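Undergrad: Fold the following and give me the result.
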Amino acid sequence: MVKPGTSPSAMGRADTIGRWLLREWLGIFLVGYGLFVGLPWLAPVLMHLGLEAPAWALYGLYSMFCHQLPQRSLFLFGLKPMYSLSEIRQVWPYEDPLQLRAFIGNPIFGYKVAWSDRMVSMYTSLWVAALLFALSGRRWRPLPLWAFVLLALPMAVDGTTHFINDLLYGIGERGFRYDNAWLVALTGGRLPTWFYVGDALGSFNSWMRWITGILFGFGLGALALPYGEAAMQAMQEEP
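TA: The predicted model follows:
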């Protein structure tokens, strides 16, 4: 609401800014959300450079969005891009999830990205969807709701089964989502053991987190972005 006594020039500037925001909302989203998506990767870089205070600030900020369990996270500047829980416990021997998630790495292991692989795939794919929407001239039709539900369902199943496994067996190297014996039986054990077991990069669990996160992120973008554009266009047309 415009305050009484507001000058016409001030009202004109406010209207100009408002219409610019409505017109450029997608670019603003790409920049702002892009920073949100990219900053978790800055945390290990800062740790590697010895800038621990800002790195810890980023880990603390993104801990509100992610469990940050190290065995399900990527590491930079270390020997491997991911580590098993048994490898991590050689230097960080904790069982409690709150203590376990506090491990960010060391000079040998490298330092973990500030959120897990599933969060990387989910949030980044939404940003990529927004970029493709912009490059397409914002001409997408909204994804049908039923199609979005189908794309979101795999992540719901994968995440829920991981949660149930952790609830029943604890955060450890055990349970039906650790050894995936059901998948071994389903495929006749034709694939390498490392594919079935654990969370390592390239394993079944790892692939499921990446794929389901990407499906959800792209599905959300395909559903929400066209509606967002339509709403912004409608507000621009208001007198």
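Undergrad: For the rest of this, base every contact and every neighbour count on C-alpha atoms.
TA: OK.
Undergrad: worst-scoring helix or strand of the chain, pLDDT-wise?
TA: Least confident helix or strand, the chain: helix 8-23 with a mean of 71, by mean pLDDT, DSSP states H and E.
Undergrad: which stretches of the chain have low pLDDT?
TA: Applying pLDDT under 70 to the chain picks out residues 1-12, 15, 238-239.
Undergrad: Now tell me what touches the helix or strand just after the least confident helix or strand of the chain from outside.
TA: Next helix or strand after helix 8-23 toward the C-terminus (DSSP states H and E): helix 25-48. Helix 25-48 has contacts (Cα atoms under 8 Å, 6 or more residues apart in numbering) with 21, 52, 54-56, 58-59, 62, 75-77, 107, 110-115, 120, 123-124, 127, 130-131, 134, 232.
Undergrad: Which of these fall within helices?
TA: 21, 52, 54-56, 58-59, 62, 120, 123-124, 127, 130-131, 134, 232 (DSSP state H).
Undergrad: And the furthest pair within the residues you listed?
TA: The most widely separated members of the ones in helices among the contacts of helix 25-48, counting by Cα to Cα, are 52 and 232 (41.2 Å).
Undergrad: which of the two has more neighbours?
TA: residue 232 (18 against 15; other Cα atoms under 10 Å).
Undergrad: Can you tell me the centre-most residue of this structure?
TA: Nearest to the mean C-alpha position of the chain, counting by Cα atoms, centre = their mean, stands residue 119 at 2.2 Å.
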